[in-house]
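Student: predicted model and sequence follow; I will ask about them next.
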Amino acid sequence: MMMRAALVVAIVVTLAVATQVSPQETPAPEECLAKRDDASAVQVTHGSKSYRLASEACRAQFLSDPERYSQLYDALIELEAEGTPLRRPSTASLVPS
């Protein structure tokens, strides 16, 4: 179980580093997943899967590279389902500046 969580974290970090988007321009991916009770969430579909995102900025970020962000959000959703907290680091985002 720990090995699987470590693998998922490695995938998330790798995908986040590969995006090379400044956190000042768009929200960090871990902030983009909408909470279940968020009525203002926006929806985007890639392939046969729908994603609920926190804002239009998150939607625009997703649409800039849907394949990459769908993989990233799938990994974040899996971590959340396993009970791993998706806390944003206090001084850095998963997306480097």
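Tutor: Good, I have the coordinates.

Student: so which residues of this protein form strands?
Tutor: 42-46, 49-53 (DSSP state E).

Student: hey, which of those is tucked in deepest?
Tutor: Most buried of these, by mean neighbour count (mean count of other Cβ atoms under 10 Å): strand 49-53, with a mean of 16. The C-beta positions use only the backbone N, C-alpha and C, and glycine is treated the same way.

Student: restricting to C-alpha, output that strand in CSV.
Tutor: The C-alpha atoms that make up strand 49-53 are tabulated as CSV, following Å, rounded to 0.1, in the frame of the first residue of the first chain:
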residue,chain,number,x,y,z
LYS,A,49,-14.4,11.0,-17.7
SER,A,50,-15.7,14.2,-16.2
TYR,A,51,-13.7,16.4,-13.7
ARG,A,52,-15.2,18.9,-11.3
LEU,A,53,-12.8,21.9,-10.9
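
Student: what lies in contact with it?
Tutor: Applying Cβ atoms under 8 Å, 6 or more residues apart in numbering, the external contacts of strand 49-53 come out as 32-34, 38, 41-45, 59, 62, 70, 73-74.
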